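# below is the sequence, then the predicted model.
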Amino acid sequence: MKLLPLLLVALAGCSFFKKSNEKAQGHERLYSSPESDGAHTLRSGERRLVFVATNDLRGELEAKQVSASDRHSPHATLISIGGVEVFARYLEILRETYPDEVVLVDSGNSLAGAKLAQKTKAQAGLEAFARLNYQALTLGPADLKAGPALGYSAVASEWLPLVLGRQKLPLVLSNLIDLKRGEAVAWPGVETQLLKEINGVRVGFVGLFPDNLMTGKDAPSLPGHYVEPMVQAFLKHNRSLRLKGAQVVVLLTNAPVKCGEKIAELKKLPLSKVNFDPSAPSVCDPDSVLARFLSELPPQSADLVISGGTQKVANLIAGTPVISGFPEGRSFSRVDLIFNTQTNELVRERSLIHQPTLLCHRFFQESEDCYTEDPSVDHRKTGPAKFLKREIFPDQQTTAWLGPWRELAVALALQSWESDEVRTRLSGRAPALPRTQP
């Protein structure tokens, strides 16, 4: 009889990493939380940190029209997903639901790709980071190679310092070494580590490029620079941050990791419909760059990893929560960490790894989300999107801010970058709206 209570405790412990509304084999609310997000009720002495993360934005600030086909109609339905205007609304809801607890971060590969980013030389995206009050960001390999797409040199060190210096951002690069100086790059606004107090908890941030950054034909052009090995760099900065009082250390990196591919192949399902149990063993590829890195670290060195790539990650890897959302601004990923101020440590068994949340403009009525890859769902009927019982709509202030950038992109398509009008708009003399408040 004594085994039953122990079994119940074990099962309860597993549930801490599972989102209450997910159904691994179904379609209902896969990537939305219209009613509840399953967050824990805090106990005495506990503080919560709600980490909200973006990755691989590729400069995308606009919503995308996505086609949803199904067996109910010969005609596909178009639905909007993503965009900074709707993301601002989701953030507003989260920040009002969890006052002082939301930590907004980005793991890189976010500067270039979309037309608006190219036309504005990444400035619209960087300004969006500032408006939305990101608390920590890093760069990814694609950012270092974005020069030609943005109209700059292919050599990252010749243009990135200039671009980054135009916005005051909490940017952390921890393992990119300037060989002339013999230490980390000293680009404007760039730190080798960040330490911030958030909701009464001291949080340290480290930003790492992957070990294989400088190899292969697609390596960025960075003459005179060296990437310090991830393990070596992280251990150094982790120790430094802990000595400075960091109680939680978060790693931002675009180093890839693959999770769920074998399950998707075995069950003949889209990759986006599998990998819903963060604690399940053997879900993530142990040979991925990030998985190898985490396996080499001492246990519990990193408290959370925000990664990147083209597929979602919401898993425990080597005992560490790792999250990554869908790229190009279609979603955000999330982890809730709970810190006990009485014991001065994380309550790891109460960490909550959420599935990514799609940035829905409207819901399919049948599924209460905007997930488009299930042909069994009738996509013809749509209704208002909701998040935590509140309706989703484009944030008006963000729409007003984005309008001049859209106009500028059109002007740039018709005029020279060096024209007087364009120079005036980019010089900061155009009227600017106040930043969105947390």
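Happy to help now that I have it.
# and stretch 380-395, what's buried?
382, 385-388, 392, 394-395 (16 or more other CB atoms under 10 Å). Using the backbone N, CA and C atoms, a C-beta is placed for each residue, glycine as well.
# in a markdown table, list these along with secondary structure and pLDDT.
Formatted as a markdown table, the buried residues of stretch 380-395 follow (DSSP: H, G, I helix; E, B strand; the rest coil; pLDDT from 0 to 100):
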| residue | secondary structure | pLDDT |
| --- | --- | --- |
| Thr382 | strand | 95 |
| Ala385 | coil | 98 |
| Lys386 | strand | 97 |
| Phe387 | strand | 98 |
| Leu388 | coil | 98 |
| Ile392 | coil | 98 |
| Pro394 | coil | 97 |
| Asp395 | coil | 98 |
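# so which residue is dead centre in this structure?
The centre of the chain sits closest to Thr54, judged by CA atoms, centre = their mean, with a distance of 1.9 Å.
# show me what that residue is bridged to.
Asp106 (DSSP bridges).
# quick one: residues contacting it.
87, 105-107, 110, 325, 329, 332-333 (CB atoms under 8 Å, 6 or more residues apart in numbering).
# likewise Ser44?
Contacts of Ser44 (CB under 8 Å, 6+ apart): Gln342.
# report the secondary structure state of it.
At Ser44 the chain is in coil, as set by DSSP: H, G, I helix; E, B strand; the rest coil.
# and it, how far from Leu352?
19 Å (CB to CB, to the nearest Å).
# repeat that for Val190.
Using CB to CB, Val190 is found at 32 Å from Leu352.
# what of Leu150?
The spacing between Leu150 and Leu352, counted by CB to CB, is 38 Å.
# surely Gly204 is within a strand?
Yes: judged by three-state DSSP, Gly204 forms part of a strand.
# residues contacting it?
193-195, 237-238, 241-242, 244, 246, 248-250.
# among the residues you listed, name the ones in strands.
Counted as lying in strands by DSSP state E, out of the contacts of Gly204, are 194-195, 248-250.
# give me the buried subset of those residues.
Taking 16+ other CB under 10 Å as the criterion, what is buried in the ones in strands among the contacts of Gly204 is 194, 248-250.
# and the two most separated of these?
Leu194 and Val248 (12.1 Å; CB to CB).
# where do the strands sit along the stretch 151-300 of the chain?
Applying DSSP state E, counting those that start in this stretch to the stretch 151-300 of the chain gives strands spanning 171-172, 176-178, 183-184, 190-191, 194-198, 201-208, 225-227, 248-253.
# distance to Ser301 and pLDDT added to the ones in strands among the contacts of Gly204, as JSON lines?
Formatted as JSON lines, the ones in strands among the contacts of Gly204 follow (distance: CB to CB, whole Å; pLDDT from 0 to 100):
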{"residue": "Leu194", "distance to Ser301": "17", "pLDDT": "98"}
{"residue": "Leu195", "distance to Ser301": "16", "pLDDT": "98"}
{"residue": "Val248", "distance to Ser301": "12", "pLDDT": "98"}
{"residue": "Val249", "distance to Ser301": "8", "pLDDT": "98"}
{"residue": "Val250", "distance to Ser301": "12", "pLDDT": "98"}
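# among the residues you listed, which two are most distant?
That would be Leu194 and Val248, which, of the ones in strands among the contacts of Gly204, are the farthest apart (CB to CB) at 12.1 Å.
# mind telling me what element Glu60 is part of?
Following DSSP states H and E, there is no helix or strand that holds Glu60.
# check Pro99 too.
Residue-wise, Pro99 maps onto no helix or strand under DSSP H and E.
# how far away is it from Lys267?
With distances taken as CB to CB, Pro99 is found 41 Å from Lys267.
# the two - which one has more neighbours?
Lys267 (13 against 10; other CB atoms under 10 Å).
# ok, now which ones touch the more buried one?
Val274.
# what's the pLDDT at it?
Lys267 carries a pLDDT score of 90 in this model.
# Gln247 now?
pLDDT, Gln247: 98.
# do Ala10 as well
42.
# from what I see, Tyr31 and Gln355 are in contact.
Yes: counting by CB atoms under 8 Å, Tyr31 does reach Gln355; the two are 5.9 Å apart.
# now the helices for the protein?
3-15, 84-97, 115-119, 123-131, 141-144, 156-164, 230-243, 261-267, 289-296, 396-414, 420-426 (DSSP state H).
# next, the contact list for the closest residue to Arg242 other than its chain neighbours, please.
Closest residue to Arg242 apart from its sequence neighbours, by CB to CB, 6 or more residues apart in numbering: Val249 at 7.1 Å. Going by CB under 8 Å, 6+ apart, Val249 touches 203-206, 238, 241-242, 301-303.
# and with 7 Å instead?
204, 206, 238, 241, 302-303 (CB atoms under 7 Å, 6 or more residues apart in numbering).
# circling back: got the contacts of Gly204 as JSON lines, with distance to Ser279 columns?
Output for the contacts of Gly204, formatted as JSON lines (distance: CB to CB, whole Å):
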{"residue": "Gln193", "distance to Ser279": "30"}
{"residue": "Leu194", "distance to Ser279": "29"}
{"residue": "Leu195", "distance to Ser279": "30"}
{"residue": "His237", "distance to Ser279": "28"}
{"residue": "Asn238", "distance to Ser279": "24"}
{"residue": "Leu241", "distance to Ser279": "27"}
{"residue": "Arg242", "distance to Ser279": "26"}
{"residue": "Lys244", "distance to Ser279": "32"}
{"residue": "Ala246", "distance to Ser279": "26"}
{"residue": "Val248", "distance to Ser279": "20"}
{"residue": "Val249", "distance to Ser279": "21"}
{"residue": "Val250", "distance to Ser279": "20"}
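# and for Arg292, the neighbour number?
Neighbour count of Arg292, defined by other CB under 10 Å: 17.
# for Leu160, same thing?
27.
# next one: it from Ala114, what distance?
18 Å.
# circling back to that earlier point, nearest to Leu126 among the buried ones among the ones in strands among the contacts of Gly204?
Distances from Leu126 to these, taken by CB to CB, are shortest for Leu194, at 17.2 Å.
# tell me, how many residues neighbour the closest residue to Thr398 other than its chain neighbours?
Spatially, and ignoring its direct neighbours in sequence, Thr398 is nearest to Ala88 (4.2 Å; CB to CB, 6+ apart). By the criterion of other CB under 10 Å, Ala88 has 21 neighbours.
# is it true that Ala88 touches Asp395?
Yes: applying CB atoms under 7 Å as the test, Ala88 and Asp395 come out as touching, 3.7 Å apart.
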